[in-house]
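# Sequence first, then the predicted structure, then my questions.
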Amino acid sequence: MTVVAFLGPFAVIISEAYFSMSAVAWNADVSITGVYFYWMSPAQWFMSLPITFLRFYYVYQMKLLYDGKITQKRALKFGILSECPPLLFGIVTSLPLLFIAGYLYAFMPIPMPELLLIGLIFM
């Protein structure tokens, strides 16, 4: 699960002319100007921690579940909570864009719950 938390995408942004998929370790963008894929630097990994920290803590919660120290219900609640930061970050950063005259839409990240699904399979 740690590998998935690090390499698996945590959010997707889709608009009419742009598609972006983000993970802690990489980012992929498709737009009208081309297709881009790049690996994140360690500094960028650190900068993504406010958004992705809960994913790594969910991995720890799954270890606690495996050790019998927490219940499945608590692990599931935390798994759902760990998928929320990209959405909340998107809402907070997109709200000011809605007040710009002529700007019709804001980019809203859609969480990718693959880590949560893997946790459910393990449960």
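Done, it's in.

# so who does residue 28 touch?
Contacts for residue 28 were tallied using Cβ atoms under 8 Å, 6 or more residues apart in numbering; they are 20, 21, 35, 36, 37. Every C-beta, even on glycine, is put in place using the N, C-alpha and C of the backbone.

# let's see 10 Å
Taking Cβ atoms under 10 Å, 6 or more residues apart in numbering, we find residue 28 in contact with 9, 12, 19, 20, 21, 22, 35, 36, 37, 38.

# go on, residue 80?
58, 111, 113, 116.

# Leaving aside the residues adjacent along the chain, what's closest to the third one?
It stands for residue 113. Nearest non-adjacent residue to residue 113, counting by Cβ to Cβ, 6 or more residues apart in numbering: residue 83, 5.0 Å away.

# Any idea how many residues pack against that neighbour?
By the measure other Cβ atoms under 10 Å, the count of residues near residue 83 is 19.

# Pass me the low-pLDDT residue ranges in the chain, would you?
Residue ranges of the chain with pLDDT under 70: 102-106.

# any idea where the strands of it begin and end?
Secondary structure of the chain, counting by DSSP state E: strands at 9-14, 18-23, 26-31, 34-39, 110-111.

# Name every strand pairing with the shortest one and say which way it goes.
By that I understand strand 110-111. Partners of strand 110-111 in the sheet, by DSSP bridges, are strand 9-14 (antiparallel).
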